[in-house]
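>>> Sequence plus the predicted model coming up.
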Amino acid sequence: MELKILSFSWRNFHFSDVTSLTLMTQIWEITILSNHSPLLTQLKPSTIYFVYKDSNWMDKRDDFFVWNWVVEVSDSKVKILTDVILDIEDLGADITERAKGDAISLMEKYRDDKNKIDMEKYIKAEELLLKSIWELKLSKV
């Protein structure tokens, strides 16, 4: 099975010998195997993992954190489109704590002198905060 992961952060991955993919949809966790029925579903912020064959035909497993968006399955091909993808090995509590602090600072910064909030910028900062909290939870697992 072929797996493509495309992200808005330009971290893209392609694996051609995937034997299974497990991910969390908005409703439940599913595992996709070769010749899976066609599917289009929404991802939930969570970890995904997949097993694939390396160059020596040994099974390897990779774990990633994905934020949101969509998964499409058709003809033994899986495409994941997400706004954020992070390799679980890259998550560190110190980096994530710093990101959380930066997000909180941004939320405070987007208030003007009259204590009115620029809602568009505030929502973006709030999303950064939520992502850093998810990353922090995952780094402690």
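Ah, there it is.
>>> what stretches of the protein score poorly on pLDDT?
Within the chain, the stretches with pLDDT under 70 are 88-100, 102-104, 106-107, 110-119, 121-126, 128-141.
>>> SS state for residue 127?
Following DSSP: H, G, I helix; E, B strand; the rest coil, we place residue 127 in the helix state.
>>> For it, grab the count of nearby residues.
Residue 127 has 15 neighbours, counted by other Cβ atoms under 10 Å. For glycine as for every other residue, the C-beta is placed from the backbone atoms N, C-alpha and C.
>>> From residue 68, how far off is it?
10 Å (Cβ to Cβ, to the nearest Å).
>>> same deal with residue 80?
11 Å.
>>> who touches both of those two?
Common contact partners of residue 80 and residue 68 (Cβ atoms under 8 Å, 6 or more residues apart in numbering): residue 43.
>>> Compare neighbour counts for the two and give me the winner.
The neighbour comparison of residue 80 against residue 68 (other Cβ under 10 Å) goes to residue 80, with 23 against 16.
>>> ok, residue 85 - contacts?
Neighbours of residue 85 in contact, by Cβ under 8 Å, 6+ apart: 5, 7, 9, 11, 13, 64-67.
>>> number of nearby residues for the nearest residue to it once chain neighbours are set aside?
Leaving aside its chain neighbours, residue 85 sits nearest to residue 7 (4.5 Å; criterion: Cβ to Cβ, 6 or more residues apart in numbering). For residue 7, the number of neighbouring residues by other Cβ under 10 Å comes to 19.
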